[in-house]
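K.L.:
What shape does this take:
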Amino acid sequence: MNDLKINLKKLLMNILKLNNGKVEIRKDTGSLLRIIGNSDAVFADFNAAQTHVLITTNKGKVELRKESGSLERIIGNGDATSARWMGDEVAITTNKGKTEIRKANGSLIRVM
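P.N.:
Numbers count the residues shown, from 1 in each chain. You can find the predicted model right below:
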């Protein structure tokens, strides 16, 4: 029975909410876990494991952050309108209408 409780806790997912440019990580119950970013977010996306967050800023930068909020790296050329996880890769939509597929380390795979 204890194993079932542990497995159910792992199934509960956190939610990202944008509030005045800040990225809030909330439990599925709605309670606030932490606020991450620099108050300039326009889009945010969790990876499947919810260990990393992509934050697209109003300056066109894509920040890769740990769930704790610490910045790992900046990805892209500074012309992003949104960025989403695609498995282990990142799909960045640019202000020119193109989509860049990048590795999580920032290296370009292809442009579509």
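K.L.:
which residues in this structure form helices?
P.N.:
2-11 (DSSP state H).
K.L.:
any low-confidence regions in the protein?
P.N.:
Applying pLDDT under 70 to the chain flags residues 1-11.
K.L.:
ok, how many other residues are close to the residue nearest to Ala91 when sequence neighbours are not counted?
P.N.:
Once flanking residues are discounted, Ala91 sits nearest to Arg84: 5.1 Å by CB to CB, 6 or more residues apart in numbering. For every residue, glycine as well, the C-beta is placed using N, CA and C. Arg84 has 17 neighbours, counted by other CB atoms under 10 Å.
K.L.:
Please report the distance of Arg84 from Gly21.
P.N.:
Computed as CB to CB, to the nearest Å, the Arg84 to Gly21 distance reads 19 Å.
K.L.:
follow-up on the earlier one: wait, the residue nearest to Ala91 sits on Ile101?
P.N.:
No. The criterion here is CB atoms under 8 Å, and Arg84 misses it with Ile101 at 10.7 Å.
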